[in-house]
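# what follows is a predicted structure for the sequence shown.
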Amino acid sequence: MGAVTAIEPDPRRSACVRIHVARRPCYTVPRESVAAAGITIGTAIDERAHETLGRAADAEATFRAALGALELRSYARADLGRRLVRRGHPRAAVEAALARAAEHGLLDDAKFAEDFIESRSVRGRGPLRLQRDLSAMGVARQTIDAAIAAHWPEGAENPDVPLALARKRAAQLGALPRTVKRRRLLAYLARRGFTGRTITTIVSRVLEG
């Protein structure tokens with residue numbers, strides 16, 4: 001495969017270097033990977049060295065992709081993993097990148113769930129809808145339940161959001177028969193994640209108003 005002809009700093013990440021083989025840039029890897037593999041200028045790259053450096057390069061590229069995604073918005077760990085796999089990164093490299101991001105405090109499903117619930121609840125999403133959304137992102141049920149319980153402590157339900165939603169939707173439904181309106185309002189609120197006796201009472205209150 002050739003011999004190493006240059007090892008130069010990577011301008012994008014100071015902790016990495018670019019390895020040139022036969023005067024062509026072939027691998028971008030962390031400095032410690034080079035030291036661990038005993039790579040120096042003049043080292044012949046055989047199949048074993050190629051595989052070692054290839055895995056290190058894949059891991060570094062995947063971590064950079066993870067950082068790029070996290071710069072744009074936060075992610076649940078499993079959701080980011082699926083995104084990286086869909087972009088063609090090897091699964092082993094994805095798992096390594098996720099672990100590395102978590103070590104740096106960039107991935108935390110508990111914090112993600114808390115922030116997600118905080119921001120979405122004010123937009124009219126109820127507990128059941130939020131539970132479904134977070135589950136679809138791969139957040140563990142125990143983590144979701146803890147975040148929901150923290151946001152809506154038992155006995156502290158706030159009816160203001162579903163009430164406002166029900167009033168707005170009822171106005172949009174116009175002069176439909178009461179039974180039709182009731183059914184549609186309950187289904188609408190259920191899609192938003194609001195169910196239970198409190199919601200039934202809210203709908204009755206809106207229809208009576």
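In hand now; what should we look at?
# any idea how far the longest helix seen in the chain is from the chain center?
As assigned by DSSP state H, the longest helix anywhere in the chain is helix 47-72. Computed by CA atoms, centre = their mean, to the nearest Å, the chain-centroid distance of helix 47-72 equals 19 Å.
# correct me, but Arg83 touches Ala69?
Yes - with contact defined as CB atoms under 8 Å, Arg83 counts as touching Ala69 (6.3 Å). Where you see a C-beta, it was placed from the backbone N, CA and C, and this is true even at glycine.
# and this protein, what are its domains?
For the chain, automatic domain parsing gives the domain ranges 4-103, 109-151, 160-208.
# now the end-to-end length of the last one.
The reference is to domain 160-208. Taking CA to CA, to the nearest Å, domain 160-208 runs 17 Å from one end to the other.
# this structure: helices as residue ranges?
31-37, 47-72, 77-86, 91-103, 109-121, 127-136, 141-151, 160-173, 178-191, 197-208.
# indicate which one of those helices is closest to Arg23.
Closest to Arg23 of the helices of the chain, according to CB to CB: helix 47-72, at 16.4 Å.
# so which elements touch the closest one?
Here helix 47-72 touches strand 24-30, helix 31-37, helix 77-86, helix 91-103, going by 3 or more CB pairs under 8 Å, 6 or more residues apart in numbering; DSSP states H and E.
# joint contacts of Arg83 and Ala69?
Tyr75 (CB atoms under 8 Å, 6 or more residues apart in numbering).
# ramachandran angles for the nearest residue to Met1 once chain neighbours are set aside?
Computed as CB to CB, 6 or more residues apart in numbering, the closest residue to Met1 that is not its neighbour in sequence is Ile45, at 4.5 Å. The phi and psi values for Ile45, taken as degrees, to the nearest 10, are phi -90, psi 100.
# now for Ile45: which residues touch it?
Here Ile45 is in contact with 1-4, 21, 26, 53 (CB under 8 Å, 6+ apart).
# can you select the buried ones from those in ChimeraX?
A single ChimeraX command selects the buried members of the contacts of Ile45 (16 or more other CB atoms under 10 Å):
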select :4,21,26,53
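# need the domains of the chain in TSV with mean pLDDT, can you?
Formatted as TSV, these follow (pLDDT from 0 to 100):
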stretch	mean pLDDT
domain 4-103	91
domain 109-151	92
domain 160-208	82
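# what's near enough to touch Asn107?
One correction, residue 107 is Leu, not Asn. 70, 75, 77, 80, 98, 101.
# so which of these comes closest to Glu60?
Ala101 (12.8 Å).
# ok, that closest one - contacts?
Going by CB under 8 Å, 6+ apart, the list of residues near Ala101 reads 63, 66-67, 70, 80, 107.
# now the residue nearest the centre of the chain: closest residue in space that isn't a chain neighbour?
For the chain, the residue nearest the mean C-alpha position is Tyr75 (2.1 Å; CA atoms, centre = their mean). In space, and not counting its chain neighbours, Tyr75 is closest to Ala69: 6.5 Å by CB to CB, 6+ apart.
# quick one: contacts for the one you found?
By CB under 8 Å, 6+ apart, the contact set of Ala69 is 75, 80, 83-84.
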